[in-house]
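S.K.: could you look at this predicted model? Sequence included:
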Amino acid sequence: VGSNTGTLQTSANGTAWTMATSGFVENMRGICYGSTDNLFVMVGDRGFVATSQTGTTWTTRVSGTDNALRGICFDSGLDLYVAVGDTGTIITSPDAATWTTRTSGTSENLYAVAFSPNDTIFAAGGTNKTMLTSPDGTTWTSRTFASSGSYQIRSIVYSSSDDLFIASAYTSGAGQGELKSSPDGVTWTSLFSGANSEFLGFAYSSDKDLFVGSSTNGAVRRSDGSATWSVTTGISSNALRGLCYGATPDLFVMCGDSGTIKTNSTITVGSAGSWTNNTGGSGSLLCVAYNSTNDVFVIGGYNAVYTN
């Protein structure tokens with residue numbers, strides 16, 4: 001018999017991490033920070049949603065769905081949270097407390113969602129090269145991400161400096177990774193493709209004008225958003241999954257399997273910098289977000305607990 005319990009870690013500097021006693025019984029798969037409400041919002045399996053201002057004390061919310069939620073983002077202009085998940089699930093909320101189910105028009109699993117404030121548009125992606133856009137989180141339109149292949153779109157990040165979405169996709173059968181960019185979520189242009197490059201996490205630093213991606217093979221790629229992407233291999237023997245950037249400490253924080261937590265303050269477009277190991281416990285750590293108001297990082301994930 002198996003059961004899963006959520007793993008939660010917090011840090012004020014990205015280096016010293018504390019195991020938070022969340023009491024969560026679901027795997028946590030996505031997290032974002034809402035600047036208007038000074039609020040972390042975490043989503044996960046079976047429609048799990050929880051909120052916290054500190055990262056240590058959490059309140060569970062009723063999402064209105066039993067489907068797994070895998071990605072979430074926040075737009076301060078619309079003051080809106082959008083979460084996406086399995087079988088085309090999309091839910092929205094103005095405060096992360098009351099959620100409304102939206103019609104996505106797809107039954108594919110959705111893994112990622114991001115927002116462009118410059119163009120006032122959300123972009124969400126998932127299995128079978130599914131790409132959707134919406135101007136308000138309510139009405140969604142299907143877009144063409146690729147003309148062929150069975151791409152799974154695993155992460156989407158937006159750069160306000162470049163006014164650009166970058167999405168990472170992966171074809172599991174062919175072991176092929178793909179990065180594409182779009183100014184509007186509608187027209188997508190290939191930036192990079194290569195074997196064994198399933199990028200699960202992406203983050204952008206406007207201070208450095210730098211995109212950083214983490215992958216299942218323990219490698220990290222970086223770029224200014226152009227077609228040139230530099231790779232650093234051997235960062236970890238574990239899959240690297242979640243990634244975010246904190247402006248005040250000028251720090252990228254990355255998490256992954258077997259409790260992996262790594263930080264880097266010296267990475268630039270022209271330099272790989274140095275990734276520092278941090279103790280993260282055990283289990284898969286799947287997502288990470290940064291609170292710019294309180295200067296706090298939060299990592300979520302899961303541990304498998306088996307009884308017989």
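M.R.: Ah, there it is.
S.K.: C-alpha only now, for contacts and for neighbours.
M.R.: Fine.
S.K.: and the strands in the stretch 201-308 of the chain?
M.R.: 210-215, 220-223, 230-232, 240-246, 251-256, 261-264, 276-278, 284-291, 296-306 (DSSP state E, counting those that start in this stretch).
S.K.: wait, what's in contact with Asp207?
M.R.: Applying CA atoms under 8 Å, 6 or more residues apart in numbering to Asp207 gives the contacts Ala247.
S.K.: look up phi and psi at it.
M.R.: Dihedral angles phi and psi of Asp207 (degrees, to the nearest 10) take the values phi -60, psi -40.
S.K.: now for the residue nearest to Ile267 when sequence neighbours are not counted, how many residues are close by?
M.R.: Excluding the flanking residues, the one nearest Ile267 by CA to CA, 6 or more residues apart in numbering is Gly273, at 4.0 Å. For Gly273, the neighbour count with other CA atoms under 10 Å is 13.
S.K.: how far away is Gly273 from Thr228?
M.R.: Gly273 sits 17 Å away from Thr228, going by CA to CA, to the nearest Å.
S.K.: can you check Ala239 too?
M.R.: The gap separating Ala239 from Thr228 is 23 Å, by CA to CA.
S.K.: kindly report the same for Ser236.
M.R.: Applying CA to CA, the value for Ser236 to Thr228 is 23 Å.
S.K.: between the two, which is the more surrounded one?
M.R.: A count of neighbours by other CA under 10 Å puts Ser236 above the other of Ser236 and Thr228, at 20 against 13.
S.K.: give me the nearest residue to that one, chain neighbours excluded.
M.R.: Nearest in space to Ser236, with sequence neighbours left out and distances taken as CA to CA, 6+ apart, is Gly218 at 4.6 Å.
S.K.: wait, doesn't the one you found sit right on Ala239?
M.R.: Yes: the pair Gly218 and Ala239 qualifies as a contact (CA atoms under 8 Å) at a distance of 5.3 Å.
S.K.: of those two, who's got more company?
M.R.: Ala239 (24 against 21).
S.K.: tell me who's in contact with the residue lying closest to Trp188 once chain neighbours are set aside.
M.R.: Take Trp188 and drop its neighbours on the chain: the residue closest to it by CA to CA, 6+ apart is Ser182, 4.7 Å away. Going by CA under 8 Å, 6+ apart, Ser182 touches Leu164, Phe165, Ile166, Trp188, Thr189.
S.K.: so Asn220 makes contact with Ala239?
M.R.: One correction, residue 220 is Val, not Asn. No: the criterion here is CA under 8 Å, and Val220 misses it with Ala239 at 10.7 Å.
S.K.: run a quick neighbour tally on Gly234.
M.R.: Quick note: Gly234 (other CA under 10 Å) scores 11 neighbours.
S.K.: and for the one 3 residues further on?
M.R.: Residues contacting Ser237 under the criterion other CA under 10 Å number 14.
S.K.: return the helix or strand in the protein with minimum mean pLDDT.
M.R.: The weakest-scoring helix or strand in the chain, judged by mean pLDDT, DSSP states H and E, is strand 2-11 (a mean of 56).
S.K.: give the next helix or strand downstream of it.
M.R.: For strand 2-11, the succeeding helix or strand toward the C-terminus, using DSSP states H and E, is strand 18-19.
S.K.: give the pairing partners of whichever helix or strand comes after that next one; include direction for each.
M.R.: Scanning forward in sequence from strand 18-19 by DSSP H and E, the next helix or strand is strand 28-34. Strand 28-34 has the following strand partners under DSSP bridges: strand 39-44 (antiparallel).
S.K.: and the angle from the partner strand to strand 284-291?
M.R.: 160 degrees (axes from the mean of the first three to the mean of the last three CA atoms, to 10 degrees).
S.K.: relative to the following helix or strand past strand 39-44, what are the paired strands and their orientations?
M.R.: With elements assigned by DSSP H and E, the helix or strand that comes after strand 39-44 is strand 49-52. Sheet pairing of strand 49-52 (DSSP bridges) gives strand 39-44 (antiparallel), strand 59-61 (antiparallel).
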